[in-house]
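Undergrad: This is a predicted model, with the sequence first.
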Amino acid sequence: MNRFIKYSTNLILIILISFGLTGCVSTTRMPFTSVSPWQEIKLDQEANPLDIAFVDGNHGFLVGTNRLILETNDGGSSWEERNLDIPSEENFRLISIDFEGDEGWLAGQPGLVMHSLDAGKTWQRLVLGNKLPGDPYLIKTLQKDSAELATTAGAIYTTSDGGANWEARVAEASGGVRDLRRKEDGSYVSVSSLGNFFVTLQPDETVWQPHQRASSKRVQTLGFQPNGELWMLSRGAEIRFNETPGDIESWTKPIIPIVNGYNYLDMGWSPDGDIWAGGGNGTLLVSKDNGKNWEKDPVGENIPTNFIRIIFSDFSGENGSKGFALGERGHILKWVGYA
């Protein structure tokens with residue numbers, strides 16, 4: 001009798017789990033790609049790289065935790081340490097960097113914004129004062145002496161005089177920010193600090209618009225697809241895309257490429273149209289058919305890190321496009337394409 005009860009209980013649990021997974025697209029056995037377009041770059045660093053920006057096709061900068069700033073002059077194949085004129089006792093987290101020609105902007109935490117007019121040879125630290133809600137999170141170069149700065153509180157400020165003065169673009173902040181992304185046209189999407197909802201901001205809006213998450217799973221991050229629609233990463237290694245063009249509330253069923261106990265942390269579209277998803281414990285996956293099927297990348301699989309950012313940038317006519325997968329503890333991969 002006890003054996004029968006135990007068997008019945010296990011059967012019920014299996015049925016309940018099956019119903020819970022109904023509607024999900026999941027792959028438990030995933031093949032590896034035959035060839036990887038990624039090359040490991042040795043940094044000899046323990047800091048976490050957080051952002052990359054290029055002045056041109058060869059010259060660029062990488063920034064990260066523990067005041068990390070590195071410079072490359074060969075498209076990202078090799079990197080050398082740089083120093084910033086900031087107090088040595090302050091352990092800054094350099095989180096965002098951007099260039100438009102020789103003019104660049106750098107944002108860090110706590111309370112750091114720097115400006116360069118000579119392709120990063122020299123940097124001027126700007127005084128933000130005490131009025132800025134939250135810490136700098138993302139900075140974007142707009143045009144000569146102009147930039148846009150978003151903070152961890154969801155505040156957005158712009159400057160048109162090289163950072164001497166800042167004007168609020170958003171009337172009120174969105175609250176704590178887990179992640180925040182900007183599209184080229186000035187649109188934003190941001191995930192709340194707890195991941196229980198997200199907010200959007202169109203170029204002509206001054207107030208964040210709140211949206212409910214797609215399921216009970218907390219949102220990890222969101223971003224923009226190349227066509228301008230959104231993608232969403234949720235806890236439980238779930239991937240979703242906007243289902244109906246122009247409808248932010250419309251989402252596909254969850255795609256769960258592989259169940260390995262690790263969440264996905266970022267996504268990116270390579271110039272050839274492949275979708276890349278990165279996450280914990282060397283998880284680096286690719287889909288060549290718009291998310292229907294996925295494969296593991298063999299290079300990423302062997303890197304002992306969590307891939308936290310996937311960045312692609314286009315320098316057409318200047319040594320092609322650039323792509324990097326940034327991992328914790330000084331690990332990065334450079335996208336070199338398929339031979």
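TA: Great, that's in hand.
Undergrad: Neighbours of residue 74, how many?
TA: Look at residue 74: counted by other CB atoms under 10 Å, it has 11 neighbours. Yep, even glycine has a C-beta here, placed from its N, CA and C like the rest.
Undergrad: Which residue is the nearest non-sequential neighbour of it?
TA: residue 58 (6.0 Å; CB to CB, 6 or more residues apart in numbering).
Undergrad: wait, isn't the one you found in contact with residue 75?
TA: Yes. Using CB atoms under 8 Å, residue 58 is in contact with residue 75, at 5.1 Å.
Undergrad: Neighbour count for the two, which is higher?
TA: Comparing residue 58 with residue 75 by other CB under 10 Å, the one with more neighbours is residue 75, at 19 against 16.
Undergrad: I'd say residue 202 and residue 187 touch.
TA: Yes. Using CB under 8 Å, residue 202 is in contact with residue 187, at 5.7 Å.
Undergrad: quick one: which of the two has more around it?
TA: Set residue 202 next to residue 187 and count neighbours by other CB under 10 Å: residue 187 wins out with 16 against 12.
Undergrad: Grab the nearest non-local neighbour of residue 50.
TA: Closest to residue 50 by CB to CB, 6+ apart is residue 64, at 4.5 Å.
Undergrad: Surely the one you found is in contact with residue 48?
TA: Yes. Contact criterion CB under 8 Å: residue 64 and residue 48 qualify, at 5.1 Å.
Undergrad: Now list whatever residues contact both of those two.
TA: Common contact partners of residue 64 and residue 48 (CB atoms under 8 Å, 6 or more residues apart in numbering): residue 326.
Undergrad: Same drill for these two, tell me which one is more crowded.
TA: residue 64 (26 against 20).
Undergrad: partner residues bridging the more buried one?
TA: residue 49 (DSSP bridges).
Undergrad: what's near enough to touch it?
TA: Per CB under 8 Å, 6+ apart, neighbours of residue 64: 45, 47-51, 93-94, 326.
Undergrad: Turn the residues you listed into a markdown table, including pLDDT and distance to residue 251.
TA: As requested, the contacts of residue 64 are exported to a markdown table (pLDDT from 0 to 100; distance: CB to CB, whole Å):
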| residue | pLDDT | distance to residue 251 |
| --- | --- | --- |
| 45 | 90 | 38 |
| 47 | 96 | 35 |
| 48 | 97 | 30 |
| 49 | 98 | 31 |
| 50 | 98 | 28 |
| 51 | 98 | 28 |
| 93 | 96 | 32 |
| 94 | 97 | 34 |
| 326 | 98 | 27 |
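Undergrad: Just the buried ones among the residues you listed, please.
TA: Taking 16 or more other CB atoms under 10 Å as the criterion, what is buried in the contacts of residue 64 is 45, 47-51, 93-94, 326.
Undergrad: How far away from the center of its chain is the host helix or strand of residue 231?
TA: Assigning secondary structure by DSSP states H and E places residue 231 in strand 230-234. Relative to its parent chain, strand 230-234 has a centroid offset of 11 Å by CA atoms, centre = their mean, to the nearest Å.
Undergrad: All set, thanks.
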